[in-house]
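> Need a 3D model of the sequence below.
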Amino acid sequence: MFPSSLVYSVISVMGPIITGLMVSGRVGAGIGAQLASMKVTEQIDAIEASAINPYRLLAATRILACILMMPLLTLAADASGLLAGWFAQTLVEPLSIHQFITSGFQGATFNAFLPPTFKTMAYGLIIGLVSCFEGMRTVGGAEGVGRAATNSVVLSSLFVILADVVLVKLILVFFT
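Reported below is the predicted structural model:
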């Protein structure tokens, strides 16, 4: 009973949201601070003066990277969570990894795990958009860079949690 509930909870609930929050904290702050630093030191103005769209060059690539990498990071987090769950189960009651996986995925369908993994693409979009927006609108020197990094983390974490609530409802409506 334990392996199947662990597999379902890690893959459909905990893996995606924890990955989203971790990435919003680490990557969101990095993107916000990097773009804010470029804005404050007038590097973005120099890019605009070169007749290059800074939003296409700087923001779009970061947003696309967030969107594409979130499902892969979620799969890695899911694997780590399942491995830790197997280790905890083995400490209580010895169980081989093969038995754990077999009993954990018994009765599971592909549709139960695909939507939660791909909802992290929406998290990536949110993290990328919020972080790029905060970085690109920075003013005020080094203080502005710190404020942009903090705002990127706080807002993207908040929007990831709100998106999770909405996407869980949508997944329940359309995929069950």
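
> Where do the helices of the chain begin and end?
Assigned by DSSP state H, the chain shows helices spanning 2-9, 15-40, 43-49, 54, 60-92, 97-104, 110-136, 141-175.

> what would these look like in TSV with mean pLDDT and mean neighbour count?
In short, each C-beta sits where N, CA and C put it, glycine included. Listed next are the helices of the chain as TSV, based on pLDDT from 0 to 100; neighbours: other CB atoms under 10 Å:
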stretch	mean pLDDT	mean neighbour count
helix 2-9	87	17
helix 15-40	95	22
helix 43-49	92	14
helix 54	91	19
helix 60-92	94	16
helix 97-104	90	15
helix 110-136	92	21
helix 141-175	94	17
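
> Surely Ala122 is in contact with Leu167?
Yes: here Ala122 reaches Leu167: they are 6.2 Å apart, a contact under CB atoms under 8 Å.

> Return the residues in contact with the residue nearest to Gly32 when sequence neighbours are not counted.
Leaving out its chain neighbours, the residue that sits closest to Gly32 by CB to CB, 6 or more residues apart in numbering is Ser152, at 3.0 Å. Residues near Ser152 by CB atoms under 8 Å, 6 or more residues apart in numbering: Ser24, Gly28, Ala29, Ile31, Gly32, Ala33, Val130, Ser131, Glu134, Gly135.
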